[in-house]
Structures are given as C-alpha cells and as structure tokens.
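Novice: Here you go, sequence then predicted model.
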Amino acid sequence: MVINILVGGRAGQGINLISGMLSRVLASWGYYTFNYRDYQSLIRGGHNFNVLSVSKEPIYSNESTIDVMVALDDRTVKTHKKQLKRNGKIISFSQFKDAGRNLNFALAGALLKTLGMPVELLEDEIKKRFGNDSLMIESARKGFDSEKVSFGLEPQKSRKIFSLSGSAAVAIGAKNSGLDVYIAYPMTPSTNALHEMAKNQLEDGMLVFQAENEISVANMALGASFAGARVMIGTSGGGFDLMSETLSLQGITEIPLTVYLASRPGPGTGVPTYTAQADLDIALRAGHGEFPRVVIAPGTAEEVIEKVSEALFLAEKFRVLSILLSDKHIAESEYAVPVRKFKTMRFSVSRDVPGRKIVRASSYECSNNAESTEDASLVKRNVDRRLKKYELLKKFVSRKFEMFKVYGNTRSRNLIIGWGSPTGAILDVLKRGVDVCFLQVIYLKPLSDKIKRFMEKAERIVLVENNATGQLGRLLREKTGIKPHRKILKYDGRPFNVDELEKEVRKAIK
Amino acid sequence: MKKEKLSTKSEVTWCPGCPNHMILESVKRTITELVNSGKYKREDFAITADVGCHAKIFDYLNLSGIYGLHGRAVPLAIGLKIGNPNLRVLSFMGDGAAYSEGISHLAHAFKYNPDTTLIVHDNQSFSLTTGQPTPTTQKGYVSKSEPLGTFDEPVNPLMFALSMNASFVARTNARDMNHMVEIFRKAILHKGFSFVEVIQDCVVFNLEANHKDPRMYKIRDNFSFERAKKLAAEYDYSSKTGKIPIGVIYKERKPTLEEKWPQLRELMKLKRDWRRKPRSFKLK
C-alpha cells in the first residue's frame, strides 16, 4: 500500500518543515518515503506543494492521486481537490485557527493521528530539532487529538533509513572521495549542492568558492586542478552553456575536471524550478573540437553518491572531462535510503604539478615541449592520442564500473530503456506486475556495448524520457542502429507519476 | 640562475620591431633578478596567458603555467592560487582580451585581490586578428571591421581599476626596459592583485596611436587615492596632446584572497598544496 500525502501552501509557510518532520518520523517507524517538491520561482507567496509518498517497500515516485491533503491555505484545496481520492482526507489550516505560528506542528500532529502513529514520535522529533518548546508540542498534541485514525500504520521491522536529496548526495559522494575545491555560481537546481558543499567546508577540509560567472568558475577550476587540487564545479543548463568554451580548453589541456550538471526545462530560462532531461545532448557534445569525455547519469539520490565518486576518479585518472548529469527531480526530491556503507573511490593527484617542476598546459596544439605548433603531423598525432585515451577509458570503465542496470523480468519480450530520474517511477511500475525488463543506462559516455544485445533480443523496446525528443533514443540509434518502437516522453516540467506511467507502458507493450 | 634558463626553443614569431620583444626581455630580467635575490625559485612561478600577439610570450618563457583562452587569463590565475597559494602567478593579457572579453573577470579580480600580477600589453588594437579596434582604441579609428570609424570614446583602464578599488595600479612604457623591470618587480612584490598597463606600439596596425614616448613622464610611487584619480585622468587614450604619467599610480595594502580564506592561509603557513592538506581547517 502506498499513501500519498500532499502538503501545500504559500512559499515560506513551512511546507518542507511538515513533510520533513513526517518523513523522519516515518523512517523511525521503518517506512520508506519519497518526497517530491513542486515550487515556483519566488520566495514568498504563490503556491508550492510537496507530495510525500509512503510505503513499506522502497519507493521512488508519487501517484497522481492524493490520499491526504494538508492545506496551509485555501488555494491548495482549490488547486488539488480534483486529485483527491474518493475517500481522501483534507487536513486544513482552518481547523486550527488559534494555532498561530505553530500551525505547522498542529497540522503535523493531525496528520500523524490520521496515519495511526503515536504523537510521542512527533514530540521527540520536535525536541530534537527545536528543543523542548512547550507551545510547539502543545500545538502538535492539539492537532493530534482533533483527528481520527484513517490509516492504521504498524511499526515495521527496525531498519535504519535516512532521507537523502540528490544535492546532498553530490556533496557526500564528493567529500568521501576527498574533494578539495568546489566552485560554482548559483543556479537552480544545482544551487543546493553548492550549499551542501559549503556548509561544513572547514571541517571537511575543503574550499568552496562562488565565482562571478560560470566562465570564471570553469577557468578557476582548471587553474586549481592544474595546481594539484581535486576540483569539481556545478551548474545547470544555462551556466553549462557558458562553461562550454572552457570544457573545450579542458579537452586540449587534459587538466582533470568534473562538472555536476543539474538540468531543468529550457530553452532559455524555461521553467527554472521544474524538471527535465533535455540537456543530454549538450552534456555529450558541448565544447568545440573533438575530445574525450565521460557522461554519467545516476537514477536516484543513492546512486549519485557512488557515481559522483566515479566521475571524479575517472577525471583524474584519465585527465578528462567528467560530467555528472542529474536534474531537478533527483537534486531536490528526498529519497529514503537504508543506511549502509557507500562505495567511493578515494584517489590522489600523482601527476606533476607546478611549484616543484616546470609544468605547462596550452590551449594550442603543442610539440613535446608544450610549445605551440602548427605542424600537420604533430596535430594529427595529438588528436589520435586523445582519441586513443578514450578507448582506454572505455575499456577501464567496462571492467570496473556498473555502466547500466537491468531490472524486472529479464526474459520478457518487452524492454523499457531509460536513464536518470525517471528510473524511480519505472522501478515503481515494475512492482505493479507489468511484464517488462528495464534497462537503466547509467554511463551515457562511454556507452556499454552490451546494451545492443538487450535491444536485439527485445521484441518491443519502449523508451522513457523526461524530454520532448527522446535524446537517449537518438544516442542508442547512433550507437546500435536500433530504434525504439515506442517512446513515452514527458516534457511539461513535471516528473513521471507511477500510475500514469504504468498506463502508458501497458499501452506501449500491448 | 642565468637569464637564458627562462628561454625556450620556440621560434619567436612577433613582427620585427614589435615592443613585445622588449616586454619579454624585461620579464626575463625581472624574474632572473628575483630568483637570484633568493626570494623565489624558478619553479615557484606560474604564468597564465590568453590569446593574442601578447600571449605568445607563454611560448617564450620557460616557466610553469597555462596558455588559456581569449580573455580568461585572470580566472585561470586565481584558480592556480586557489589550487596552490604558494605559487607566484603572473598573467599576460592584451587590451582587447582584458577590457573586452575578459572585463568581468578583471572587475572581480580587484575585489578578490588575489596575490597575483596582471600585465596588460596595451597597443590599442586587436593585432593578431589584423587591426580591429579594442575598448582602448582612440575615437575615429578606421578599420576593416569599423570602416565608418570607431564612434566611441575609449575606456580608461586606470580609472576603471581605481573605481574597482584596485590595490595596485601601475603604467609603464614598452620602450623603456629599465622602467618596465622596476615596475614589474614592484608589481610582483606587491601583496595583492597588481595591475600593470604597458603602453605599447603596434608596428603594423593602428599606427596613429603610436609614438607616445615623448608625452610620457615618470612619477614617484603614489599612495594617495585622490592623486591617483588625477593621474589616471591625465591621459584619456584618445587625445593627441597632453602628458602621460607612468610609474606606480596607486598602491594600498589590502587583505589578499589567500589571506582572507582560512584554508589558503593555512596551506601558505604550512607551505603545502592540497595534496598534503590537513584533515580540517580552522577559522582563525
């Protein structure tokens, strides 16, 4: 059973506070949650909402219908009433007129009772976060007492679960790998990774620098990396465009560089606080000239931790450009993750760096002495060497890292292929008894040669992407010559809901 | 160290008579002097250059560094300092690169105040691309890209630097090697971002801007902001007459990027780069 809880109101009313407290309380009872954040590009007012989906099993998406609505204002009720299930429940701010600034705690208390959980769990959570505030606790109790139990949730086997956003995961993975320097310019949805990196930088032995623009971000990163630091930069589509010139400089200087690219709907400013997978093409090709690179797209926050580490490792080992491609949906959703030890690659800089020796890098094609050259044979030699490096890299990655994952019935005649954030909704579709095998592409560059075999075997290939043109589909066709039979594409700025996607998949494999 | 150690095998491809030859020689003399005084090792230096005639200096100097993209020498230099605050970093840019493509980086460099030096070869012309106007080109200059003549008044880089709270602003003359060596030395030894304008002729393009030597006069190092503004305003980069002051136009000791960031401060104190960083850093 999945319970979908929508918490809505104006920006600044504390929507995240309610869903955050609830997901931690639920985790302490052994429940998995998935929290989607839908917010506008404004700071106060407007209409924002979170959808918190709850399950006994790991869960990575929401349903489009709502079991419980927690409304901090009238607009929430008006906007989402049609999503409410027939026996769905509304917990409204109007029930707690006298709660004042502790409204959130009253609503959280009421929600807890609705779910059938003891109020003490919420009290502990409040004490942990805000200290022993008697007014907050009183409000929570009042809210709790005002409701009836609608869902009799039972405590699950004790397992340690923590809540993880894709942005926090970027920082965790990078720190575990020993990152020294992170440089960025704020841009949604990459900004939260910047905040996560910055907050404990001294304790973490790191330096986090906000530069004047993304061109500078990328150039500073190359400078710092050249000088011997392990460096990463972060941005979204527009900022990535500005970096393109410098990515090309990376290509010729072969100074290790890792870019975290969290995409959102474009073109232009697009819909800045919503989600899309429309930047795969630029991740694969941005920058003039021909040079090797790595593009890795994890599918969940948990995967981000390990993949950011691989991106950093490969950038240093092969002195290439590594791009960790994510999007708003992964970056800002909160995934419930079982506590475990994550595999991260720690590494050190063993190349020559300035300060001890004379080390030179150049944006021009160079002779052996790193001096500019226009000699035809040297130009060709350099190009060949860079391309050969890519072959070595591909071999290494194929041996060492998981380039794709396969889920579901591997003997099914139906194959779903997808990448990045839709992985969550697809995994939840698989649980609903649909006869499909799901191949999640994680390494977009290099792309595993083995993927072709799965595609050849399948009778019906269904492509699922959060963009309008099927960018992975094009890449697969380029690399395998095989065209997906059906495309399920969503490009309204919103992620896939599991029930809608299930319908689409069933239609596609009929 | 012999000065020759700073030379490379690259064929020098500047035009005969180009003042870049003299700038190169002055940089070599300055660094040789600094190394021989025991202050630095040759390996302590790192240079960044972007793209343009001036930037070829990268190929002719046997020092560590990055030959970057047009307009981007400054963020590369700041990156080098973030990556290792113990390096002595020198950047070379032209007037086109520094004041057109790279102006935003330059503006912020004054604010960050990294302990690096920027030498701008200002010949008031984009010469490697065959003579288009730059932001410092005099009004009325007729070129292939602006055959109607440049309509705009030029920018005054010194006024710009002062308005951005620069901690070191100097101007020198590419035909006066002794003066260049003196100014370059002072710029490198200055703690903070030192900005040096080198007034330079181009022997092929924008010839009408050349031969300003007789108008130049040397000043003593100036520490007064009010006087600096007056000195900077004396020459507007357009007029054919009037005096052009050269020397240290303004100098002030301000906290540097490396001193402001606790992490870099500690790496400097420990004389280390990030590869042997401490487990954590302290705020004070």
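Specialist: Cool, the structure landed.
Novice: how about stretch A:197-217: buried residues?
Specialist: Residues of stretch A:197-217 classed as buried by neighbour count (16 or more other C-beta atoms under 10 Å in any protein chain shown): A:197-198, A:201-202, A:204-209, A:211-217. No exception for glycine: its C-beta is placed from N, CA and C like everyone else's.
Novice: and chain B, which of those reach it?
Specialist: Among the buried residues of stretch A:197-217, proximity to chain B is found for A:201, A:202, A:204, A:205, A:206, A:207, A:209, A:211, A:212, A:213, A:215, A:216 (C-beta under 8 Å from any C-beta of the partner chain).
Novice: Filter those down to the ones in strands?
Specialist: A:207, A:209 (DSSP state E).
Novice: Relative to residue A:483, which of the ones next to chain B among the buried residues of stretch A:197-217 is nearest.
Specialist: Closest to residue A:483 out of these is residue A:215 (38.1 Å), distances taken as C-beta to C-beta.
Novice: Could you check the pLDDT of the closest one?
Specialist: Here, the pLDDT recorded for residue A:215 equals 98.
Novice: what does the one 5 residues further on give?
Specialist: As predicted, residue A:220 sits at a pLDDT of 98.
Novice: Which parts of the stretch 1-150 of chain B are helices?
Specialist: B:20-36, B:57-60, B:73-83, B:95-96, B:103-112 (DSSP state H, counting those that start in this stretch).
Novice: Near chain B, which residues of the stretch 151-300 of chain A are found?
Specialist: Counting by C-beta under 8 Å from any C-beta, the residues of the stretch 151-300 of chain A near chain B are A:180-181, A:183, A:201-207, A:209, A:211-213, A:215-216, A:219-231, A:245-246, A:249, A:253, A:255.
Novice: Which of the helices of the stretch 1-150 of chain B has the highest mean neighbour count?
Specialist: For the helices of the stretch 1-150 of chain B, the largest average neighbour count (mean count of other C-beta atoms under 10 Å in any protein chain shown) is found in helix B:73-83, namely a mean of 32.
Novice: Does at least one residue of that helix sit close to chain A?
Specialist: Yes. Counting by C-beta under 8 Å from any C-beta, chain A has neighbours in helix B:73-83: B:75, B:76, B:77, B:78, B:79, B:80, B:81, B:82, B:83.
Novice: Present these as a markdown table; the columns should include pLDDT.
Specialist: What follows is the residues of helix B:73-83 next to chain A, written out as a markdown table (pLDDT from 0 to 100):
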| residue | pLDDT |
| --- | --- |
| B:75 | 98 |
| B:76 | 98 |
| B:77 | 98 |
| B:78 | 98 |
| B:79 | 98 |
| B:80 | 98 |
| B:81 | 98 |
| B:82 | 98 |
| B:83 | 98 |
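Novice: what bits of the stretch 401-510 of chain A have low per-residue confidence?
Specialist: The stretch 401-510 of chain A contains no residues with pLDDT under 70.
Novice: Just the helices from it, written as ranges.
Specialist: Using DSSP H, counting those that start in this stretch, helices in the stretch 401-510 of chain A cover A:422-430, A:451-457, A:471-480, A:498-509.
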